[in-house]
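*Asks:* The following block contains a protein sequence and its predicted model.
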Amino acid sequence: MTDDDRAPYLLVHPGWELFGSDRMLLESARALRERDERVVVAVPQRGPLVGELQAIGVEVLIPPMFVLRKSSLHPRNWLRSARDAVRGIAASVAIVRRLRPRALYVSTIVLPSWPLIGRLSRVPTVTHVHEAEASASRLVNLALYAPHLASHRIIANSRFTLQTVGAVLPVLGRRATVILNGVASPDDVEPPRARIDRLRIGYVGRLSHRKGPDAAVEALAALRREGIDAELRLVGAVFAGNEGFDRELRERAAALGVEDRVAYLGFRSDIWPLLAEIDVLVVPSRQDESFGNTAVEGILAARPVVASDIPGLREAVGPYGSATFVTPGDADELARALRAVNEGWDLRRAAAIGDRDAARERFAPDAYRRAVATFLGSLPQA
C-alpha cells in the first residue's frame, strides 16, 4: 500500500493475463489514474496484468477470490466451490472494510460475491459485463447474471451484451449503459504487402475448441489441397486444465499434412509485430462473443479479417468492408473466404487500409477511458 489515504476506487477482476477483458480492466484503471484518483485492484494471482497495473501507479492486492466458472455449477464441484466461496467472501469483506472504497467496480460477471458485499457495505457498485452467450441455457445465464442484481449500475461492452442481459433479467438490462471497448493500436502500422506469394494467415486468442483454431487448421489444409500456398501462425495458449486440446491440435495438423505450415507462437502480450507479418486474421469462434477485441485489432492493423458470423463479432467489425463473415465452425466456408481474400487481394488490401482510420476513431482508448471515468465519477455516494 501507499501513503495515499484517500478513499480509493476498488476494482476487482478474475484474470491476471492480458487478454480482452484483462486489457479493459487495465484501461479502466488507467482512466481513473489519469484523473489522479487512488486505484486499488484485486486479482486472484500474479501475471502480466499485475506489472502493467503497477506501472501506472495502481495498488494491487492478490487475495483469495471466488470465481464462478460454469464448472462450479456441476454437482461434483459443489464442495470445492463452497470452500472457495467462503475463503473468497471472507477476504472480500476484510478488504472492503479496510479500504472503505469510494466505489466498487466488478470486472466481469464471474465474481458473484462482490456486488452483494458492496451493496451491504453501502458502497456504490458497478458490474462491467463482458460475457454474453445468448445460446447458453437460461438457467446457466440466470445463475451467472443474478448475483449482479446487487450492483447499482451495469456497464455492457456491446449492444449484444445488453440485449442478452436484458433477455435474462430485464431489470438488469434497464440499469445498463453501453460503453464500447477501447482498443489501442500503434500510431503507425505496417501496410499489407502489395503482392502475396504465400498467404500468411494469423490467429490470436485462446487455444480452445470454443475459439476455433482447429477450424483454422482445417481451412489451411483445404487451401493446400486446392494448390494455394498458405501458412498459419497461432498466437495464444491453452488455459490450465485444457492442455489436451493443444496436443489434439498438433496431432490434427500432422494428420492433415500441414504440420510444417503451422507455427505455434505461444502467448504474446504484444500482438502487433505478429499482425504486421500476416496478410489476413481469422477469428473462427464457435460460440457467442460479447465483443470482438481480436477482430477489431485486425482491422486496426489494416488487415482483412475473416470472422464467424455471430452477433458480437458482426457488431464489432461488420461496418468494415475488409471484414468477411462465415458460418461458425465451418472450415470449408472459412477456406473459401480465405481463398477469396487471396484472389481479390488488391481490393481487400485497399479496403483494409481505408478501414483502419475509421476503426481508430470508433474504438479510441481515450474515448473509452473518458466514458468510464465519467460514468464512475457520476455514481451517487452512499
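*Replies:* All right, it came through fine.
*Asks:* top helix in the protein by residue count?
*Replies:* helix 78-99 (DSSP state H).
*Asks:* tell me the mean pLDDT for the helix or strand that that helix is followed by?
*Replies:* Per DSSP states H and E, the first helix or strand lying C-terminal to helix 78-99 is strand 103-107. What strand 103-107 shows for mean pLDDT is 97.
*Asks:* ok, residue 155 - contacts?
*Replies:* By Cβ atoms under 8 Å, 6 or more residues apart in numbering, residue 155 lies in contact with 126-129, 176-179, 372, 375. Glycine gets a C-beta too; all of them are placed from N, C-alpha and C.
*Asks:* go again using 7 Å as the cut-off
*Replies:* 126, 128-129, 177, 179, 375 (Cβ atoms under 7 Å, 6 or more residues apart in numbering).
*Asks:* Just the C-alphas of the helix or strand hosting it, formatted as PDB.
*Replies:* Assigned by DSSP H and E, residue 155 belongs to strand 153-156. In PDB, the C-alpha atoms belonging to strand 153-156 read as follows (Å, rounded to 0.1, in the frame of the first residue of the first chain):
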ATOM      1  CA  ARG A 153     -25.300   0.100 -12.100                       C
ATOM      2  CA  ILE A 154     -24.200  -2.100 -15.100                       C
ATOM      3  CA  ILE A 155     -21.800  -1.400 -17.900                       C
ATOM      4  CA  ALA A 156     -22.300  -3.600 -21.000                       C
END
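*Asks:* Quick one: distance of it to the chain centre.
*Replies:* Distance of strand 153-156 from the chain centroid (Cα atoms, centre = their mean, to the nearest Å) equals 16 Å.
*Asks:* now for the helix or strand following it, which elements pack on it?
*Replies:* On the C-terminal side of strand 153-156, the closest following helix or strand by DSSP H and E is helix 159-168. For helix 159-168, the packing partners by 3 or more Cβ pairs under 7 Å, 6 or more residues apart in numbering; DSSP states H and E come out as helix 138-145, helix 170-174, strand 176-178, helix 311-317.
*Asks:* Need the mean per-residue confidence for the last one.
*Replies:* For helix 311-317, the mean pLDDT works out to 93.
*Asks:* Following the chain onward from that helix, which element is next?
*Replies:* Scanning forward in sequence from helix 311-317 by DSSP H and E, the next helix or strand is strand 323-326.
*Asks:* pLDDT below threshold where in this protein?
*Replies:* 1-2, 70-74, 382 (pLDDT under 70).
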